[in-house]
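Engineer: build me a structure from this.
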Amino acid sequence: MCVENITSMKKILFLATSILLSAAVADSPVLAQTTNTWTADNAANTSDGSTDNGAVASKITGGPWTLDQGPAGPISSNANNNITPTTPLPSGDSPNPSTHYCSPYATELANSTYEEGSGTYVVNPATSTATNYMQPYYYEYVAGSGSNLQGYFDYRPKDNDEAIVAAYSTNAGLTWTFQQEVLELNPGLCPSGASKTNEKTYPAVTGTNNPYTYVTGYDDLLNFPTDASGSGSPGATDDGQGHPNVLTAPNGNTYLYTLDRSENPQDGNTPDGPVDYLGLVVHQLSTPQTPGISSPLAGVPVSSPDTVTNKGTRTNGLLNPDGIIASVPGTNPLIVIYVQKQLGQDPNLLPNSELCTSPTFGFQKNATPNTDYVTVRLARTSDGINFTDMGPVTGLNDQTTTSETGVRYIASIGTLLRLPNNRYGLFFAGGNCIDADSDSFHFIGYAESSNLRTWTIVNGINNPIVSVGTETDPNTNVTIPSTPALIPTEQWFEERAYAPNAIVTGPHEVSLIFSGYNTDSPKDNYANYRTIGQVYLKSSLQLLPF
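Structural biologist: Numbering: from 1, shown residues only. Below is the predicted model of the structure:
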């Protein structure tokens with residue numbers, strides 16, 4: 001072989017080797033593991049009205065009554081065990097004492113029962129500018145991109161009602177305009193006075209106007225007609241259909257999914273009934289979901305159907321579903337990340353050493369420990385109703401941790417993002433034993449994965465994106481979070497922060513819309529709870545379209 005040929009072959013071999021090495025480096029774990037860094041978009045947040053580069057409580061025009069208009073329940077201390085609000089509304093104002101949930105109130109009869117039908121709901125004015133805070137809205141699902149968004153919200157005035165409300169935004173979630181209300185649990189039902197919620201007002205309901213009936217042993221108000229004589233109701237609650245999520249299946253159908261909180265004898269389980277047992281309720285939507293349309297929830301009943309005698313269409317194949325965290329756009333079958341919540345099963349699945357104990361400090365000090373077993377799982381579906389479970393994911397939570405800085409629980413709503421190098425980012429909400437609750441509202445965090453199954457938390461409970469107020473264990477002097485949250489804690493989410501919806505507004509920016517509570521439980525402050533808010537974040541990595 002001549003020297004020229006040998007030289008040419010060496011050049012070819014060198015070139016081929018260089019190409020292979022370049023490809024290997026491009027796919028190497030070192031580059032693939034590059035993580036995103038989030039920072040607050042101070043300029044955008046200040047423009048929205050924030051005084052500390054933080055989150056702003058959202059407002060809404062139109063729709064049902066809001067807390068800004070006055071109390072739905074007790075707001076002053078008296079013989080009816082009413083509770084004085086500990087803090088004002090997000091603006092620093094107090095509720096309007098003259099504008100209540102209903103006007104006039106239902107009529108109290110001599111025998112301490114009540115005749116419904118005499119009260120009329122007060123509505124939120126449909127003004128050109130949103131003036132009232134989005135309370136009591138929470139646990140939202142938001143779709144869209146840029147500034148134009150379509151939102152679906154759980155509307156839940158404490159012990160009075162629950163419904164799903166659709167609203168749209170043209171400014172990335174800062175303000176919203178009402179579109180539609182569906183699945184209302186207690187239509188037309190009003191408490192008897194400003195000092196009472198429906199739970200207090202309706203220990204029993206009588207009279208010819210009563211449109212409700214009652215299944216013995218189940219304490220929810222069940223919405224279906226009875227005869228003219230009316231039968232007794234056990235009292236109104238706010239346990240209807242909530243926690244909305246909307247998905248479009250590969251078959252082209254779009255569905256609204258809700259969590260059914262009513263008590264259901266078909267499930268054979270009380271007191272929590274079908275929650276996490278019968279499957280999510282599925283409602284097919286008949287209108288394309290475009291922000292700003294008049295009736296995005298067309299096809300969904302106006303009032304919540306009776307889920308006791310008719311369980312409706314339910315998801316099949318999801319295991320004890322508490323909700324769908326996120327879906328993976330473009331996959332067929334459609335892949336979803338969801339939360340399996342096995343209520344009260346910790347004692348049956350874990351040794352005593354891995355059970356939560358009553359918190360000794362913090363907002364839930366001395367509360368009853370939670371015993372729910374929470375697993376994050378994958379599933380796939382072709383039709384949006386029948387799912388195939390694909391097993392649990394790892395890295396997001398540890399069901400066995402009792403550490404005050406661990407992540408034991410994950411909430412059932414979040415946002416999936418697409419990153420460079422074939423990676424995914426996930427905004428999620430988490431919590432642990434010190435919350436005495438598995439609803440996962442202690443902090444909003446961020447994690448990444450290359451395969452959807454194995455996750456690494458980047459922003460956890462000690463370096464969160466958003467967090468409840470700082471708590472310190474007096475026994476260990478451990479402060480949570482150890483590093484201040486990226487977004488300063490505001491009073492409207494001082495004791496609960498969850499349901500993160502990260503909407504891409506630019507190649508390196510998201511509008512993070514989330515839910516907050518000023519108080520851990522609405523019963524502790526009827527004037528200020530269940531709030532929607534928004535904040536802008538900057539991404540160090542480019543956010544790619546799916």
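Engineer: contacts only, for the residue nearest the centre of the chain.
Structural biologist: Note on the chain: the residue nearest the mean C-alpha position is Y139, at 2.7 Å, using C-alpha atoms, centre = their mean. Applying C-beta atoms under 8 Å, 6 or more residues apart in numbering, we find Y139 in contact with 153-154, 242-244, 413, 498-499, 515. Yep, even glycine has a C-beta here, placed from its N, CA and C like the rest.
Engineer: ranges for the strands of the stretch 151-300 of the chain?
Structural biologist: Using DSSP state E, counting those that start in this stretch, the strands found in the stretch 151-300 of the chain span residues 163-169, 175-182, 241-248, 254-260, 281-285.
Engineer: T46: which of those is closest?
Structural biologist: Closest approach to T46 among the strands of the stretch 151-300 of the chain (C-beta to C-beta): strand 175-182, 16.7 Å.
Engineer: on contacts alone, who are the packing partners of that closest one?
Structural biologist: With contacts defined as 3 or more C-beta pairs under 8 Å, 6 or more residues apart in numbering; DSSP states H and E, the packing partners of strand 175-182 are strand 59-61, strand 163-169.
Engineer: adjacent strands (with direction) for the last one?
Structural biologist: The partner list of strand 163-169 in its sheet, established with DSSP bridges, is strand 148-155 (antiparallel), strand 175-182 (antiparallel).
Engineer: out of those, nearest to T400?
Structural biologist: It is, among the strands paired with strand 163-169 and with distance given as C-beta to C-beta, strand 148-155, at 30.4 Å.
Engineer: show the average pLDDT along the closest one.
Structural biologist: Average pLDDT, strand 148-155: 97.
Engineer: got the angle for it vs strand 241-248?
Structural biologist: On the basis of axes from the mean of the first three to the mean of the last three C-alpha atoms, to 10 degrees, strand 148-155 is oriented at 150 degrees to strand 241-248.
Engineer: which parts of strand 148-155 are buried?
Structural biologist: In terms of neighbour count (16 or more other C-beta atoms under 10 Å), strand 148-155 has its buried residues at 149-155.
Engineer: can you check what angle separates it from strand 254-260?
Structural biologist: Using the same axes, to 10 degrees: strand 148-155 against strand 254-260 is 30 degrees.
Engineer: for strand 148-155, the distance to its chain's centre please.
Structural biologist: Centroid separation between strand 148-155 and its chain, computed with C-alpha atoms, centre = their mean, to the nearest Å, is 11 Å.
Engineer: for stretch 250-257, same thing?
Structural biologist: Worked out by C-alpha atoms, centre = their mean, stretch 250-257 lies 20 Å from the chain centre.
Engineer: list the buried residues in it.
Structural biologist: Under 16+ other C-beta under 10 Å, the buried positions of stretch 250-257 are 254-257.
Engineer: among the helices and strands packed on strand 175-182, which is nearest S50?
Structural biologist: strand 59-61 (14.1 Å).
Engineer: need the strands paired with strand 163-169 in a markdown table (columns: distance to D41).
Structural biologist: Putting the strands paired with strand 163-169 into a markdown table (distance: least, C-beta to C-beta, whole Å) gives the following:
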| stretch | distance to D41 |
| --- | --- |
| strand 148-155 | 17 |
| strand 175-182 | 18 |
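Engineer: bridged to S303, which residues?
Structural biologist: Applying DSSP bridges, one finds that S303 bridges with E184.
Engineer: let me know whether it touches P187 as I believe.
Structural biologist: Yes: the criterion here is C-beta atoms under 8 Å, and S303 meets it with P187 at 5.0 Å.
Engineer: in the stretch 401-546 of the chain, where is pLDDT below threshold?
Structural biologist: Where the stretch 401-546 of the chain drops to pLDDT under 70, the residues are 526.
Engineer: ok, which stretches of it are strands?
Structural biologist: Under DSSP E, counting those that start in this stretch, the stretch 401-546 of the chain gives strands at 409-410, 415-419, 423-431, 443-449, 456-459, 466-467, 471-472, 479-480, 496-506, 509-517, 531-539.
Engineer: right, so of those, which gets closest to E181?
Structural biologist: Per C-beta to C-beta, nearest to E181 of the strands of the stretch 401-546 of the chain: strand 531-539, 15.6 Å.
Engineer: direction included, what does that closest one pair up with?
Structural biologist: Here strand 531-539 has these sheet partners by DSSP bridges: strand 38-40 (antiparallel), strand 56-57 (antiparallel), strand 509-517 (antiparallel).
Engineer: next, count neighbours for the closest residue to S450 other than its chain neighbours.
Structural biologist: The shortest distance from S450 to any non-neighbouring residue, by C-beta to C-beta, 6 or more residues apart in numbering, is to R423 (5.2 Å). For R423, the count of nearby residues is 19 (other C-beta atoms under 10 Å).
Engineer: so in terms of bridging, what pairs with R423?
Structural biologist: So, taking DSSP bridges as the rule, R423 has L419 as bridge partners.
Engineer: hmm, L452 and it touching each other?
Structural biologist: No: using C-beta under 8 Å as the test, R423 is too far from L452 to be in contact (10.1 Å).
Engineer: dump the residue contacts of the residue nearest to T287 when sequence neighbours are not counted.
Structural biologist: Distances taken as C-beta to C-beta, 6+ apart place A298 nearest to T287, at 4.3 Å, with adjacent residues excluded. Taking C-beta under 8 Å, 6+ apart, we find A298 in contact with 180, 285-287.
Engineer: most neighbours among these, which one is it?
Structural biologist: Going by other C-beta under 10 Å, Q180 tops the contacts of A298 with 20 neighbours.
Engineer: would you mind measuring from that one to R377?
Structural biologist: 32 Å (C-beta to C-beta, to the nearest Å).
Engineer: again, but for T313
Structural biologist: 21 Å.
Engineer: name the residue in the two with the higher neighbour count.
Structural biologist: R377 (20 against 13).
Engineer: who does the more buried one form a beta bridge with?
Structural biologist: Beta-bridge partners of R377, as defined by DSSP bridges: Y338, P392.
Engineer: what's the pLDDT at it?
Structural biologist: For R377, the predicted pLDDT is 98.
Engineer: now stretch 332-350: how far from the chain's centre is it?
Structural biologist: On C-alpha atoms, centre = their mean, the centre of stretch 332-350 falls 16 Å from that of its chain.
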